[in-house]
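> for reference, the sequence and a predicted model appear below.
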Amino acid sequence: MDARIYRPAKTAVSSGRAKTRYWVLEMEPRERREPDALIGWVGSGDTEQQVHMRFPTKEAAIAYARRAGITFVVEEPHERVVRPKSYSDNFVKRF
């Protein structure tokens, strides 16, 4: 089994970061997704890729993966850069 441990990014349509506090363990797909011949829906027989587990810390996710015998890759998040800005900066003339 292969898994990926990461912290999700903020959604593009929202300024909130509520779902970015947790670490996620997500299984990598084992089979290709193929369209069904009758209906045309895309799917596969791999049910493990439907599993997304949330953990409060990266260490907890790693500990679970090691206990379960899952090989994993940890992807570190890109930290947000906060540039302090004041209201008066909107009226500064820059040439």
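All right, it came through fine.
> which element, helix or strand, includes residue 26?
strand 23-27 (DSSP states H and E).
> helices or strands next to that strand in the packing?
When contacts are defined as 3 or more Cβ pairs under 8 Å, 6 or more residues apart in numbering; DSSP states H and E, strand 23-27 packs onto strand 2-6, strand 52-55, helix 58-68. Glycine gets a C-beta too; all of them are placed from N, C-alpha and C.
> can I get the shortest one as CSV, trimmed to CA atoms?
Extracted C-alpha coordinates of strand 52-55, given in CSV (Å, rounded to 0.1, in the frame of the first residue of the first chain):
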residue,chain,number,x,y,z
HIS,A,52,-9.3,9.9,3.4
MET,A,53,-8.3,9.9,7.0
ARG,A,54,-7.8,13.2,9.0
PHE,A,55,-5.3,13.6,11.8
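> show me how far it is from its chain's centre.
Remark: strand 52-55 is offset 10 Å from the chain centroid, using Cα atoms, centre = their mean, to the nearest Å.
> quick check: buried residues in that strand?
53, 55 (16 or more other Cβ atoms under 10 Å).
> which strands or helices does it pack on?
So strand 52-55, by 3+ Cβ pairs under 8 Å, 6+ apart, packs with strand 23-27, helix 58-68.
> give me the residues contacting it.
Strand 52-55 has contacts (Cβ atoms under 8 Å, 6 or more residues apart in numbering) with 22, 23, 24, 25, 26, 61, 64.
> show me where pLDDT drops low in the protein?
1, 95 (pLDDT under 70).
> would you mind finding the most buried of the helices and strands packed on strand 23-27?
Highest mean neighbour count of these: strand 2-6, a mean of 17 (counted as mean count of other Cβ atoms under 10 Å).
> which strands or helices does it pack on?
Packed against strand 2-6 by the contact rule (3+ Cβ pairs under 8 Å, 6+ apart) you find strand 23-27, helix 58-68, strand 71-75.
> kind regards, and thank you for your time.
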